Structure formats: structure tokens, C-alpha cells
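# Compute the structure for the input listed below.
(chains A and B)
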Amino acid sequence: MNVLSQIINGLHIGSIYALVALGYSMVYGIIKLINFAHGEIIMVGAYAVYVMLVLVGTPLWIAVLVSLLFCACMGMLIERVAYRRLRNKNAPRISLLITAIGVSIFLQNLAQTIFSSSGKSFPNVMPQGSIRLGDAEISALTLITLATAAVLMIGLQLLVSKTKMGKAMRAVSEDAGAAKLMGINTNVTITWTFAIGSALASIAALLYSSAYPLVTPYMGSTLGLKAFIAAVLGGIGSVPGAMLGGFLLGIAETLAKGYISSVVADAIVFGILILVLLIRPAGLLGRNVKEKV
Amino acid sequence: MSEMLRVKDLHVYYDAIHAIKGVSFDVQEGEIVTLIGANGAGKTTILQAISGLLKPKEGEIDFLGENLLALPAHTIVRRGVAQVPEGRRIFSQLTVQENLEMGAFSRKDTRNFSKDYEMIFEHLPRLKERRKQMAGTLSGGEQQMLAIGRALMSKPKMLLLDEPSMGLSPILVQEIFHIIENVNKTGMTVLLVEQNAKMALKIASRAYVLETGKIAMSGDAGELAKDPKVQEAYLGG
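Numbering: from 1, shown residues only, chains lettered A, B, ... in the order given. Model prediction:
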């Protein structure tokens, strides 16, 4: 395969990483929690689409809508049940982190109980075919993935920068106490952040399962970890950082697989991460916030 | 004059530490009342209790006849109590304009905003030219002005100011206090917490002296400024 094809493949998987990384980054930005249960939302989203398409037999758009709403509600429910009380009682951050890992394991086991640990094959719902761009052949799935991710990212960027809710999210992530003084209900803002992050993960689940059509209870953990790394690489807490980190990670991984060795690809990618963090500890677009006195 | 705020027998604890030990005071409509005292006397704690950011163990806080203690923090600004917090706490990653919008977060009458921005820029002309700038790039004095402007955007009935002079040069302190006086002249009731007792007593009508969580003295601001005990402890002899 030529370089262009490799880069396009990298953008394909990278845009999925980016969509998931946004959820990690937004939640971290607002409550300083690495929500390890976020990866499991992908798995939940994939099963939701599977159930609707295969077991219920609905059209694709209904399956996607149900999965999106289900994941958003799941994200809000996790925040409400598992994290909010700890937050309101000023629990140490490590307790929240451990709770997040607990939620993650719980969801994996729940899926295993309901669907068994053997994978379900994800139905082929995306259009086939491909187009040629110079030497590269781009599949319809790649085009759909890139277009969907681009639309969602632009939409998210507009939401965060222009809307009242988006501005409130930024205000809460900077100083929740001062945000309360403005009349912002921080709990509502945090709930919305989980809902949006989880909705993005449900779309990522659909795109990922279309490329790697096997749904298992554990599919969220590797993808989630990679996306988390993408978020850190870009600068966790930063929305553009999560996007950049996702794309870079996807491209680096694909190029390493294509030109060096698929065995050591992950080692190379994580080596890059370590290097970047040594030079820019806050990530590529992250900030070390200093107070002005 | 009618009563706006009444704090009665307030007790606040930080875990086992009894920080506020039965504080009572009142603020009448249109006044500037100041709470002065040394660092750690409990001034900020009292303002945080009024704004609902921490819950007192005992006591009452009544604002225009309504018990604020029963309300969650984010609803208190809607009742007409806006706070300019200690250390300014502006949103540095938001623009000046967005900070002002956040100040108006609880308001529904968005079409009146542009008029209110103009009113605020009249008080704080330095902010006008910096509207589109990130608030974190402002100087300390400008950030303090923004924090005041942001609080005014909620259209409060009463303004709580926590150490507005902190970290500012003497000239800027003069300017900030001048702004506070001007805002008060438009009819705004002000509760001012300050370590800079000299400036605070100059613009306030009444004052309370807070010492380790208790009111040690209170009365007319001009008279307290002449009191030998106050002079020795807070005005540098």
C-alpha cells in the first residue's frame, strides 16, 4: 500500500479515536476525573445497535438513534449514581478513579452475563464500494467515517464556543465555585457533559464496529485506552487537543504497522507518546495554567 | 431605609474548627457596610455562607425576608445577591465579553443585555476596548474590574465584594474604591469585606470589626476610624 492509502487509513481509525477521546477530555476538563468507564460506553453502544438491528430488526437510523440516546442516558446515569455523591462529599480524586474502574468492570461483566463472552458479529450496514484518489483507493466506509467525525467535531466545537451551555461548560471546568456564583447549576452542566461525551462514543461504536465487525464485552477497553492516550497526547481537557491527538495516534499507528512491523506498532506509538509528554508534559495543546497575581 | 440582609447568630465549622462563632449583622438598603478584620478572621467565610458556597451549622441568613440557607448556591444570585469573590476568579479562558455573559447567566431577558454592557462599560471603560480579549490576558486591576462588571451583569440588588483591593497597586486601589462608590450611588447596596480598613472605612457608612470569628466592634464607619483600638489594630497606629 502506498503512503497516501496508509494516511487515509490512519485518518479513518484516528477519527474514531478522536470521537472517543473527546468524551475523556471533556469529562476530565470539567471534573478532573479520568472516566475509565467511558470505554465501556463504546461497547454498550455497539451492543445497542446490534440488538436493534439483529434482534429487533429496526432500520439503521432507528438503531443509531436508540443507541445514541441509550448511551447518553447511560453516561448520565453513571455520573448520577457513581460519581456525584463522591464529588459532593469532596472525596479524594483517587476514590473517583477507583469507582470509574469499578463501573468499567461492572459493565463488562454485565454485558458478559447478558450476551455471553463470545463475540457477536456486527451486521454489515454500511454502503460498499470505493473511489479512487490518485494511487489510493478509499472505501465508502472510510468516507462515511471521516465525514461523520468531521460533522460531529465541528458541531461540538460550535456548541462549546458559541452556545450558553458550552460557555457554562468552559466556566465550570475552569472554576466551579465561581460558576455557581454566576447562577450556573454545576451538576446540570456536568450531566450534560457526560451525555454529550457518551453520545459521541455511541457514534464511534457504530463506526468502529463497521470496520471491525465483532462486538464483545471487552471491545471498549483497548479502544478506550487508545482514545485516552490520544486525549493525553493532545492535552487532556482540551477539545481541539482530543481531536488532534486522535488523528495523530491513528496515523502513527497505521504508518508503524504498514512500514515497520505490526508487532511493534503499539510500542512505537506509545514511545511517541512518552517522547511528546517528556517535551510537552501537558500534551500538544494542553496548558499549564498559571495564575496571575 | 429598609432592611435588606440580616445575618443572625451564624456558626460555621471547617471540620472541627469553629471558624465563625455566632456572628450577627445587618445591611440596610442603599448602604455600604464593611466587614473589616485581619487575615483569617472569617470574613470570606461569611460571604461564602451568604452565597451558599458553604453551609453554616447554625444561624440565619435572611435576604429581603427570604431564608437563603435553604437555597442551593446557584439559585442565590437569582434572588439578587451577586458576589465578587476573593482573588477575582474571572474565567481566564473565556473572553471579557463571555465573562460578562456568564454574569448574566441566570437572566432570561437577553434583549436587554447590550444596554447593560454599555452601562457597565460606562463604569469600567477599560473593559470596553478589551471585549474580545481572553480575560486571562488582562492586568490585575482590569481583572478586578471585570469581576465587578460580571457581578453587575446579574442585575443584583446587593453586591458582595471580597477583598477587591487585594494585590493591586495603591493607585488601582483608589480607582477600584472609586468605582465601588459610583456603583453605590446608582442605588446598589454593598457589603464590602476588606483587610484595607483605611479605604473601606472611608467609603462605608457602617462597619463591623471581625476578630477570630466574632464581631468585636461595630458602628458608624467614620467613628470607628477614629477609635483608638481600631487605629492601633487596623490602621497602623
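# Scan chain B for its longest helix.
Secondary structure of chain B per DSSP state H: the longest helix is helix B:170-185.
# quick one, helices of chain B?
Assigned by DSSP H, chain B shows helices spanning B:43-51, B:73-76, B:96-103, B:113-123, B:125-128, B:140-152, B:170-185, B:197-203, B:221-226, B:228-234.
# got the contact list for the closest residue to chain B within the stretch 101-250 of chain A?
Relative to chain B, the nearest point of the stretch 101-250 of chain A is residue A:183 (3.2 Å; C-beta to the nearest C-beta). In short, each C-beta sits where N, CA and C put it, glycine included. Residues near residue A:183 by C-beta atoms under 8 Å, 6 or more residues apart in numbering or on different chains: B:74-78, B:105-106, B:154.
# what about 7 Å?
For residue A:183, the contacting residues are B:74, B:77-78, B:105-106, B:154, by C-beta atoms under 7 Å, 6 or more residues apart in numbering or on different chains.
# ok, now residue B:7?
B:23-25, B:61.
# For residue A:41, see how far away residue A:73 is.
11 Å (C-beta to C-beta, to the nearest Å).
# Tell me which of those two has more neighbours.
Under the neighbour definition other C-beta atoms under 10 Å in any protein chain shown, residue A:73 and residue A:41 were set side by side, and residue A:41 has more, 31 against 14.
# hey, where'd the helices end up in chain A?
A:3-31, A:38-50, A:60-78, A:84-88, A:93-115, A:140-162, A:164-174, A:176-181, A:186-211, A:219-234, A:239-259, A:265-279.
# Using a markdown table, please lay out the ones you listed together with distance to chain B and mean pLDDT.
Formatted as a markdown table, the helices of chain A follow (distance: least, C-beta to the nearest C-beta, whole Å; pLDDT from 0 to 100):
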| stretch | distance to chain B | mean pLDDT |
| --- | --- | --- |
| helix A:3-31 | 10 | 95 |
| helix A:38-50 | 23 | 97 |
| helix A:60-78 | 19 | 97 |
| helix A:84-88 | 11 | 92 |
| helix A:93-115 | 18 | 96 |
| helix A:140-162 | 9 | 96 |
| helix A:164-174 | 5 | 96 |
| helix A:176-181 | 4 | 96 |
| helix A:186-211 | 7 | 97 |
| helix A:219-234 | 16 | 94 |
| helix A:239-259 | 11 | 94 |
| helix A:265-279 | 22 | 89 |
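# quick one on the thing from earlier: return the closest of the contacts of residue B:7 with respect to chain A.
residue B:61 (15.5 Å).
# Contact partners for the nearest residue to the closest one once chain neighbours are set aside?
Nearest residue to residue B:61 in three dimensions, chain neighbours excluded: residue B:68, at 4.5 Å (C-beta to C-beta, 6 or more residues apart in numbering or on different chains). By C-beta under 7 Å, 6+ apart, the contact set of residue B:68 is B:50, B:52, B:61, B:76.
# so the second one sits right up against residue B:77, yeah?
No. Taking C-beta atoms under 7 Å as the contact criterion, residue B:52 and residue B:77 are not neighbours in contact, 9.3 Å apart.
# What parts of chain B come near chain A?
Applying C-beta under 7 Å from any C-beta of the partner chain, one finds that chain B approaches chain A through B:51, B:53, B:73-74, B:77-78, B:83, B:85, B:89, B:91-94, B:98, B:101-103, B:105-106, B:136, B:140, B:154, B:167.
# Give me the buried subset of the residues you listed.
Buried by 16 or more other C-beta atoms under 10 Å in any protein chain shown: B:51, B:53, B:73-74, B:77, B:83, B:85, B:89, B:91-94, B:98, B:101-103, B:105-106, B:136, B:154, out of the residues of chain B next to chain A.
# average pLDDT for stretch B:135-150?
Average pLDDT, stretch B:135-150: 95.
# Show the contacting residues for residue B:113.
Per C-beta under 7 Å, 6+ apart, neighbours of residue B:113: residue B:104.
# Quick check: beta-bridge partners of the closest residue to residue B:27 other than its chain neighbours?
Once flanking residues are discounted, residue B:27 sits nearest to residue B:5: 4.2 Å by C-beta to C-beta, 6+ apart. Using DSSP bridges, the bridge partners assigned to residue B:5 are residue B:27, residue B:63.
# ok, residue B:5 - how many residues close by?
The local packing of residue B:5 (other C-beta under 10 Å) involves 23 other residues.
# Repeat that for residue A:278.
When neighbours are counted by other C-beta under 10 Å, residue A:278 comes out with 8.
# and what of residue A:57?
By other C-beta under 10 Å, 9 other residues sit near residue A:57.
# confidence score at it?
Looking at residue A:57, its pLDDT is 93.
# go on, residue B:205?
What the model reports as pLDDT for residue B:205 is 96.
# Contact partners for whatever residue of chain B ends up closest to chain A?
As assessed by C-beta to the nearest C-beta, chain A sits closest to residue B:106 within chain B, at 3.2 Å. Applying C-beta under 7 Å, 6+ apart to residue B:106 gives the contacts A:183, B:77-78, B:154.
# same deal with residue B:78?
By C-beta under 7 Å, 6+ apart, the contact set of residue B:78 is A:183, B:106.
# Check the one 10 residues further on too.
With contact taken as C-beta under 7 Å, 6+ apart, residue B:88 is in contact with B:143-144, B:147.
# Could you report the distance from the closest residue to it other than its chain neighbours to residue B:160?
Once flanking residues are discounted, residue B:88 sits nearest to residue B:147: 4.3 Å by C-beta to C-beta, 6+ apart. Applying C-beta to C-beta, the value for residue B:147 to residue B:160 is 12 Å.
# how close does the closest residue in space to residue A:58 that isn't next to it in sequence sit to residue A:145?
In space, and not counting its chain neighbours, residue A:58 is closest to residue A:52: 4.8 Å by C-beta to C-beta, 6+ apart. The gap separating residue A:52 from residue A:145 is 20 Å, by C-beta to C-beta.
# Tell me which of the two has more neighbours.
Taking other C-beta under 10 Å, residue A:52 and residue A:145 do not tie; residue A:145 has more neighbours (26 against 20).
# Does that one touch residue A:15 like I think?
Yes. At 5.8 Å, residue A:145 counts as touching residue A:15 under the criterion of C-beta under 7 Å.
# For the spatially most central residue of chain B, list the residues it contacts.
The centroid of chain B falls nearest to residue B:161 when counting by C-alpha atoms, centre = their mean (1.6 Å). The contact partners of residue B:161, by C-beta under 7 Å, 6+ apart, come to B:84, B:180, B:190, B:192-193.
# filter those residues to the buried ones?
For the contacts of residue B:161, a burial check counting by 16+ other C-beta under 10 Å picks out B:84, B:180, B:190, B:192-193.
# Stretch A:59-78: which residues count as buried?
A:63-64, A:66-68, A:70-72, A:74-76, A:78.
# before we move on, what about stretch B:163-177?
Of the residues in stretch B:163-177, B:163-166, B:168, B:172-173, B:175-177 count as buried by neighbour count, 16+ other C-beta under 10 Å.
# Which two among those are spaced furthest apart?
Farthest-apart pair in the buried residues of stretch B:163-177 is B:163 and B:175; separation 15.6 Å (C-beta to C-beta).
# Compare the helices of chain B and report which one is nearest to residue A:271.
helix B:96-103 (39.6 Å).
# ok, for residue B:153, nearest residue in space, not its chain neighbours?
residue B:103 is the one closest to residue B:153 (C-beta to C-beta, 6+ apart), at 3.2 Å.
# distance between stretch A:46-65 and the chain's centre?
Between the centre of stretch A:46-65 and the centre of its host chain there is 20 Å, according to C-alpha atoms, centre = their mean, to the nearest Å.
# and what of stretch B:174-193?
10 Å.
# quick one, what contacts residue A:233?
So residue A:233 contacts A:245, A:248-249, A:273, A:276, A:283-284 (C-beta under 7 Å, 6+ apart).
# do the same with residue B:214
Going by C-beta under 7 Å, 6+ apart, residue B:214 touches B:21-23.
# Mind putting those residues into CSV with distance to residue A:5?
Below are these laid out as CSV (distance: C-beta to C-beta, whole Å):
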residue, distance to residue A:5
B:21, 74
B:22, 76
B:23, 72
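# Please consider this matter closed, and thank you.
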